[in-house]
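Participant: Need a 3D model of the sequence below.
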Amino acid sequence: MTSIIKVNTIQDVGGNNLLISNGSGTITTNNIGGENTPAFLAFPSGNQTISAGAFTKMNFATEKYDTDSAFDTSTSLFTVPSGKAGKYFFYASVCWLNSSAWSGQYIMRLLAQRSGSDLSDNRGFGYHTGSEEGATVQFSIDLAVGDTVQFQAYHNSGASRDTYESTGTNRFGGYRLIGA
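Facilitator: Below you'll find the predicted structure:
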């Protein structure tokens, strides 16, 4: 024997809509853990000059998507929005502009902070040998509401160097993990 229950809305005990059907097969979920949001992906608007010997926050002025408006293009910071604490996965990459005149170490780091104190400092390393090169850094972390994450680059070539952005190789993104 088959049973069928027909409803267009399922609510929790507080009257909050958890699942809504439009009657044509499209279902909308709300707060039931089925979406990896907030999620964002941002790109710089052009090359960025990075001074030698100091970590510099990468600037990301263009968003491909930002589901919860949690990434601020004016500060290049991701901030965990209200009600969205949890485990997050972040990734970022940098590519340096072609220059046969320099070689040296470069470091990328994703820096998570709470109230100005570092929660995590995850680094990726590479060596520039005179051609366009880059690398990616990624990590997962538990974050609370208001925590921020930024992407920084560093090199020790002795002079300022530019990142290479004309191919979309520099990026910064992340999303909240579900079920973790």
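
Participant: so what's the residue lying closest to residue 67 once chain neighbours are set aside scoring on pLDDT?
Facilitator: Of all residues not flanking residue 67 in the chain, residue 37 sits nearest, at 4.4 Å (Cβ to Cβ, 6 or more residues apart in numbering). All C-beta atoms are positioned from the backbone trio N, CA, C, and that covers glycine. Predicted confidence (pLDDT) for residue 37: 92.

Participant: go on, the one 5 residues further on?
Facilitator: With respect to pLDDT, residue 42 scores 94.

Participant: can you pull up the bridge partners for it?
Facilitator: Going by DSSP bridges, residue 42 is paired in beta bridges with residue 63, residue 172.

Participant: Same check on residue 137?
Facilitator: Counting by DSSP bridges, residue 137 forms beta bridges with residue 92.

Participant: What distance do you get for it to residue 78?
Facilitator: In this view, residue 137 and residue 78 are 14 Å apart by Cβ to Cβ, to the nearest Å.

Participant: so how far is residue 179 from the nearest residue to residue 11 once chain neighbours are set aside?
Facilitator: Once flanking residues are discounted, residue 11 sits nearest to residue 17: 5.6 Å by Cβ to Cβ, 6+ apart. Going from residue 17 to residue 179 by Cβ to Cβ gives 22 Å.

Participant: Helices along this structure, start to end?
Facilitator: Ranges of helices within the chain: none, based on DSSP state H.

Participant: residue contacts, the residue nearest to residue 67?
Facilitator: Residues in contact with residue 37 (Cβ atoms under 8 Å, 6 or more residues apart in numbering) are 67-68, 84, 175-176.

Participant: Show me the shaky parts of the chain.
Facilitator: Low-confidence segments of the chain, defined by pLDDT under 70: 31-34, 98-105, 125-133, 166-168.

Participant: Please parse this structure into its domains.
Facilitator: 1-32, 35-176 (automatic domain parsing).

Participant: Most tightly packed of those?
Facilitator: Each of the domains of the chain was scored by mean neighbour count; the highest is domain 35-176, a mean of 17, by mean count of other Cβ atoms under 10 Å.

Participant: Keep only those of the contacts of residue 37 that are in strands.
Facilitator: Among the contacts of residue 37, DSSP state E puts 175-176 in strands.

Participant: TSV for the contacts of residue 37, including distance to residue 156?
Facilitator: Formatted as TSV, these follow (distance: Cβ to Cβ, whole Å):
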residue	distance to residue 156
67	37
68	37
84	37
175	32
176	35
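
Participant: Residue 56: which of the contacts of residue 37 is nearest?
Facilitator: residue 175 (24.9 Å; Cβ to Cβ).
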